[in-house]
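>>> Next one to model:
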Amino acid sequence: MELSSYSDLGLLILRVAVGAVFLAHGPIKITKANTMSQGMGVHANMVMLLGVAETFAAVAMILGRFTTLAALIIMVVMAGATYFKTQKWGKKFTGENGWELDFTLFAAALSLLCLGAGAYVL
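Numbering: from 1, shown residues only. Just a heads-up that it's a prediction; the model follows:
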């Protein structure tokens, strides 16, 4: 059975899934920047900026608007998260706070950067 005729639906599903993850995490960084900055080891303003970027990217992904920009933002965020986890905090690929999800989200964003939003946009 050939499913390639459903590629636009697949892109919609991927966009909504990636957007949902960032919509769950971005606003928390905005509202709890001071608390989160202590755990992350960065300034609260950086956490707030990260939260704004993640929230914008999430909404853009879900709506299918500015998908290229949203994908680039997510890729930068995930590259930064992977850097912190591997270089600063010594985390492994799997295990507690591993970077496997960061890698997967980076790859999903790269796929959307290459393929675009698809036909289903708002």
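
>>> For this structure, give the helix that spans the most residues.
When the chain is parsed with DSSP state H, its longest helix is helix 7-31.

>>> Just the buried positions in it, please.
11-12, 14-16, 18-19, 21-23, 26, 29-30 (16 or more other C-beta atoms under 10 Å). To be clear about C-beta, it is placed using only N, CA and C from the backbone, and glycine gets the same treatment.

>>> tell me the pLDDT at residue 1?
Note for residue 1: predicted pLDDT of 66.

>>> ah, wrong one, I meant residue 39
In this prediction residue 39 is given a pLDDT of 84.

>>> Which neighbouring elements make contact with the worst-scoring helix or strand of the chain on mean pLDDT?
The weakest-scoring helix or strand in the chain, judged by mean pLDDT, DSSP states H and E, is helix 33-40 (a mean of 91). Helix 33-40 sits against helix 44-63, with contacts defined as 3 or more C-beta pairs under 8 Å, 6 or more residues apart in numbering; DSSP states H and E.

>>> right, and the helix or strand after the helix it packs on?
For helix 44-63, the following helix or strand on the C-terminal side (DSSP states H and E) is helix 67-83.

>>> okay, the angle between that next one and helix 44-63?
140 degrees (axes from the mean of the first three to the mean of the last three C-alpha atoms, to 10 degrees).

>>> Numbering from 253 from now on, please.
Happy to do that; since the first residue is 253 now, the last one works out to helix 319-335.

>>> what distance separates helix 319-335 from the middle of the whole chain?
Distance, stretch centre to chain centre, for helix 319-335: 6 Å (C-alpha atoms, centre = their mean, to the nearest Å).

>>> do the same with stretch 303-323
9 Å.

>>> what pLDDT, on average, does that stretch get?
On average, stretch 303-323 scores 98.
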